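>>> just a sequence and a predicted model for now, questions to come.
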Amino acid sequence: MTRTRHPQTQQESQPDVHEMVVVHRVFRRELVLVPQLVRKVAAGDTNRARIVGGHLQLVLAGLEMHHTGEDALLWPLLLERAAPSTGLVETMQAQHRRVDEYADHVAPVLEEWMSRASEVRGEQLAQLLDRFAEALFEHLDLEEREILPLARRHLSIAEWDSLGDHGKESMTARQLPLMFGCVVEDTDVEERAQVLGHLPAPVRVLLRTVGAWHYRCYITRVRAG
């Protein structure tokens, strides 16, 4: 259906920041599910550990990409424009550093667990992920409650859209379409259209067809345990 265009209102000229809530949904879902999957892997089952661990690596790469965009663009713009809320922005930056520290602690434990599937290392990894999730969810809650209204007020649509262009080098060509599948997994029709709307038409078609099938196969295998 074609919409009649009218002069932009203030609301229409502001970015739709809900898409960040959609992205956050991935991390909220997967960092609850993955520790459960880790705990279910039998000792010595390295094949299963590599499947679950590879998925965790995907999620962590997606988080790094997401945070890179905020570090490179969102925080500097809000520090410049959103006074007197700069203290809040500085809190968000400190929370990023804390989340990054958890990711740094996860990486070596994850690598060892994937190679040996040790029950002790698996439990260590799961407990570490539980603490990681607690720190991350605190950050996401504050961001959605306080930062998104500031971003909507102080960033242009073009500036907001450019957030997604930062940090893609943290993900491989294989990971990017899988991460897209993670993002749209729990979306409704309107949210899915919003996410797809940023992409060229041929890419949209590919992700809706082959990409969707590939993601279903992938995530079914990940959650099989």
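Noted; the coordinates are in hand. Numbering: from 1, shown residues only.
>>> list the contacts of the helix or strand of the chain with the lowest mean pLDDT.
Lowest mean confidence among the helices and strands of the chain (mean pLDDT, DSSP states H and E): helix 201-206, at a mean of 87. Residues from elsewhere that reach helix 201-206 (CB atoms under 8 Å, 6 or more residues apart in numbering): L196. For the C-beta atoms, the positions are set from N, CA and C on the backbone; glycine is no exception.
>>> how many neighbouring residues does L150 have?
19 (other CB atoms under 10 Å).
>>> can you tell me the closest non-neighbouring residue to it?
Leaving aside its sequence neighbours, L150 sits nearest to A82 (CB to CB, 6 or more residues apart in numbering; 4.9 Å).
>>> what's the neighbour count on the one you found?
Neighbourhood size, A82 [other CB under 10 Å]: 18.
>>> do E30 as well
Neighbours of E30 under the rule other CB under 10 Å: 24.
>>> could you do N47 as well?
N47 has 9 nearby residues by other CB under 10 Å.
>>> buried sites along the helix or strand that it is a member of?
N47 is part of helix 46-69, with elements assigned from DSSP states H and E. Neighbour-count burial for helix 46-69, counted by 16 or more other CB atoms under 10 Å, picks out 48-69.
>>> quick one: contacts of the strand or helix carrying V32?
Using DSSP H and E, V32 maps to helix 18-40. Residues from elsewhere that reach helix 18-40 (CB under 8 Å, 6+ apart): 52, 55-56, 59, 62-63, 66, 113, 122-123, 125-127, 129-130, 132-133, 136-137, 140, 143-144, 148, 151, 179, 182-183, 185-187, 191, 194-195, 222-223, 225.
>>> quick check: PyMOL command selecting the buried ones in those.
Buried residues among the contacts of helix 18-40 (16+ other CB under 10 Å), as a PyMOL selection:
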select buried, resi 52+55+56+59+62+63+66+113+122+125+126+129+132+133+136+140+143+148+151+179+182+183+187+191+195+222
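>>> out of the contacts of helix 18-40, which sit inside helices?
Judged by DSSP state H, these include 52, 55-56, 59, 62-63, 66, 113, 122-123, 125-127, 129-130, 132-133, 136-137, 140, 148, 151, 179, 182-183, 191, 194-195, 222 as members of helices.
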